[in-house]
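Asker: got a predicted structure here, sequence first:
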Amino acid sequence: MEIEERENEPFIFFAADKTDPGAYNLPFYLAFADPMYCSGLILSPKMSRGYKFRLIDVSYIEKNKIIELNAPEELYDLAALLRDTEKYVIESIYSRSTGNQAVAISTQRLHNIAGKYTGKDDPIALVRVQGEFPATGEVLAPFNIGHYVAGFMRGSHIGPLMPCRLNSTISYFDGPPVITGAAFSMKEGNLSEPVDVFDHPYWEAIRFQIAQKATEIRRQGFCGPSMLPYSELEYGGVVEKLRELEKRFILTD
């Protein structure tokens, strides 16, 4: 991301663990396109034109397969793609008022590079805030949902994304999937000390709620929506097992 020189440039560095790049789809859609979460879209003249979303089809590995959609005019088209978090992923977001880049996300799928299961992708994101971009609180607000994402135990399950303090460990069933955030300010080319955006009493209550969601879905073990679909497991050992079992099926009248 190119950041133009300003007197004071605030931004948040997000790092996720036990999940993949699609984990950012919902929170950044809400933060940059939904006035229910981002009141700046209707209160700030600098934000009234909305944002351009640049999406990448991560299932296409020959080249970068990109589409650009404008919010709010193409909001429904944007939602139609972002719902499929394992295929269409936000790569970047731009202010339509100035053309300046607001968001950059790491979108590489590790199994596409290695050709086999290598764990989840632990994606990072850089988000500029204030001014022509959403306020810090507007970017953080969607993470209180604890929305369900791919990852968790062995990178093969579904679990709620938990906002955690910096340097938090992974525990329950090798999860749940977590997101941390460090806020910085850049002045005269120098970075300030990081501020832990999820280190506040409010997020303690949110973590408790998300822990309950994680417990409930893990109770289903391997069954149904608690485990990722076959298309996301195809790089793991379950494929070989299913191939062998397929040979034992017989056709009957």
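Answerer: Nice, thanks for sending it over.

Asker: now do the same end-to-end measure for stretch 20-27.
Answerer: The straight-line separation of the ends of stretch 20-27 (C-alpha to C-alpha, to the nearest Å) is 14 Å.

Asker: run through who's touching it.
Answerer: Residues from elsewhere that reach stretch 20-27 (C-beta atoms under 8 Å, 6 or more residues apart in numbering): 14, 16, 58, 82-83, 85-86, 88-90, 105-109, 120-121, 123, 125, 139, 142-143, 145, 147, 149-151, 161, 177, 179. Where C-beta positions appear, they are placed from N, C-alpha and C, glycine not excepted.

Asker: cool, stretch 177-195 as well?
Answerer: Contacts for stretch 177-195 (C-beta under 8 Å, 6+ apart): 3, 5-19, 23, 129, 136, 140, 143, 149, 151-152, 159-168, 170, 196-198.

Asker: quick one: stretch 21-32 to chain centroid distance?
Answerer: Its chain's C-alpha centre and that of stretch 21-32 lie 5 Å apart, by C-alpha atoms, centre = their mean, to the nearest Å.

Asker: quick revisit: out of the contacts of stretch 20-27, which end up buried?
Answerer: By neighbour count, with 16 or more other C-beta atoms under 10 Å, the contacts of stretch 20-27 hold 14, 16, 58, 82, 85-86, 88-90, 105-107, 109, 120-121, 123, 125, 139, 142-143, 145, 147, 149-151, 161, 177, 179 as buried.

Asker: helices of this structure, start to end?
Answerer: 25-33, 40-43, 75-82, 110-114, 136-140, 201-218, 230-233, 238-246 (DSSP state H).

Asker: just these: most buried one?
Answerer: Greatest average neighbour count among these goes to helix 25-33 (a mean of 24), per mean count of other C-beta atoms under 10 Å.

Asker: quick one: mean pLDDT for it?
Answerer: Mean pLDDT, computed over helix 25-33, is 98.

Asker: for stretch 163-175, same thing?
Answerer: In this model, stretch 163-175 has a mean pLDDT of 92.

Asker: could you dump the helices of the chain to JSON lines with distance to Ile67?
Answerer: Shown next, in JSON lines, are the helices of the chain (distance: least, C-beta to C-beta, whole Å):
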{"stretch": "helix 25-33", "distance to Ile67": "14"}
{"stretch": "helix 40-43", "distance to Ile67": "22"}
{"stretch": "helix 75-82", "distance to Ile67": "7"}
{"stretch": "helix 110-114", "distance to Ile67": "18"}
{"stretch": "helix 136-140", "distance to Ile67": "23"}
{"stretch": "helix 201-218", "distance to Ile67": "31"}
{"stretch": "helix 230-233", "distance to Ile67": "20"}
{"stretch": "helix 238-246", "distance to Ile67": "30"}
